[in-house]
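Undergrad: Provide a 3D model corresponding to the input given below.
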Amino acid sequence: MAAARDSAPFNVRFGWGEMGAQALVPGSDVVVVVDVITFTTAVTVAAERDCAIYPHSWDQEAAAKLARQVGAELAVGRSQVGPKTPYSLSPATLSRAPHGTSIVLPSPNGSAVAAAAAESGAQVVAGSLRNAFAVARFARRHAGVISVIAAGERWPDRSLDPALEDLVGAGAIIDGLRRRRRSPEAQAAAAVYLQARRRGLRRTLQESVSGREQIERGYAGELDWAAALNVSSAVPVLRAGAFRREPR
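TA: Sure thing, here's the model as predicted:
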């Protein structure tokens with residue numbers, strides 16, 4: 001199974017979660033991590049302000065230790081945001097960060113996929129609906145083999161729960177790679193994106209399981225950040241442990 005994935009004769013591939021990253025990134029030149037609600041959307045918003053974002057697992061104590069080591073601000077849970085801790089996984093809070101701020105950003109899903117991808121030595125990029133076209137353009141310029149990994153969610157037993165919004169976000173990036181040889185899985189993701197775009201991206205995200213959860217928790221506004229298509233030219237690339245905006 002792993003050998004079949006590694007030797008697949010396609011230069012645009014699609015997979016899910018940490019295991020998908022581990023299977024597909026060997027031999028990849030660029031790996032795009034997609035976690036639309038909300039990790040890679042938040043990273044994209046921060047990169048628009050030239051911030052450095054250190055991804056971290058959902059472990060606040062360890063994340064605080066890293067923040068002290070690198071001299072960065074620490075993003076906290078959304079309910080903990082206040083004057084002394086102004087940043088969280090919410091894109092809205094990161095949109096207010098001063099330009100050039102360094103922030104450690106804990107995340108339960110997207111950061112884990114980014115860490116798994118980083119072990120390959122490939123260029124790891126944070127992709128979202130906001131910067132889908134910009135990421136596709138970057139990948140076309142820099143890559144022979146491109147792997148797009150949708151982070152998905154987690155069930156209580158930690159098994160993968162595929163998330164529609166990540167499939168749509170991945171498909172938006174893959175749709176910008178039409179002149180490459182795309183795997184059937186990648187083509188299917190692009191088709192889902194095109195259907196969602198016809199239906200309305202905001203509506204699709206609102207009616208998805210993850211979107212309904214956000215609305216129930218009082219974070220409906222974050223879906224507006226996540227559903228905004230191609231509003232950003234920022235391409236966050238993981239270097240020296242942090243996502244930083246690729247120079248224009």
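Undergrad: now do the SS call for residue 139.
TA: helix (DSSP: H, G, I helix; E, B strand; the rest coil).
Undergrad: now swap in residue 147 and tell me
TA: On the three-state scheme (three-state DSSP), residue 147 is labelled strand.
Undergrad: quick one: it and residue 31 touch, right?
TA: Yes: using CB atoms under 8 Å, residue 147 makes contact with residue 31 at a distance of 4.9 Å. Backbone N, C-alpha and C define where each C-beta goes, glycine included.
Undergrad: joint contacts of the two?
TA: Overlap of the contact sets of residue 147 and residue 31 (by CB atoms under 8 Å, 6 or more residues apart in numbering) consists of 21, 24-25, 117, 122.
Undergrad: sorry, back to before: neighbour count: residue 147 and residue 31, which is higher?
TA: A count of neighbours by other CB atoms under 10 Å puts residue 147 above the other of residue 147 and residue 31, at 32 against 29.
Undergrad: and that one, how far from residue 193?
TA: 17 Å (CB to CB, to the nearest Å).
Undergrad: residue ranges of the helices in this structure, please?
TA: Remark: helices assigned in the chain by DSSP state H are 2-6, 17-24, 39-48, 60-70, 91-94, 110-118, 132-142, 164-175, 184-199, 201-207, 209-216, 221-227.
Undergrad: list the buried residues for the third one?
TA: Okay, so that is helix 39-48. 39-48 (16 or more other CB atoms under 10 Å).
Undergrad: would you reformat these as CSV and include pLDDT?
TA: Output for these, formatted as CSV (pLDDT from 0 to 100):
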residue, pLDDT
39, 96
40, 97
41, 98
42, 97
43, 97
44, 98
45, 97
46, 97
47, 97
48, 96
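Undergrad: quick revisit: turn the shared contacts of residue 147 and residue 31 into JSON lines, including neighbour count, pLDDT and distance to residue 130.
TA: Output for those, formatted as JSON lines (neighbours: other CB atoms under 10 Å; pLDDT from 0 to 100; distance: CB to CB, whole Å):
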{"residue": "21", "neighbour count": "27", "pLDDT": "89", "distance to residue 130": "21"}
{"residue": "24", "neighbour count": "28", "pLDDT": "89", "distance to residue 130": "23"}
{"residue": "25", "neighbour count": "25", "pLDDT": "85", "distance to residue 130": "23"}
{"residue": "117", "neighbour count": "27", "pLDDT": "86", "distance to residue 130": "20"}
{"residue": "122", "neighbour count": "23", "pLDDT": "84", "distance to residue 130": "22"}
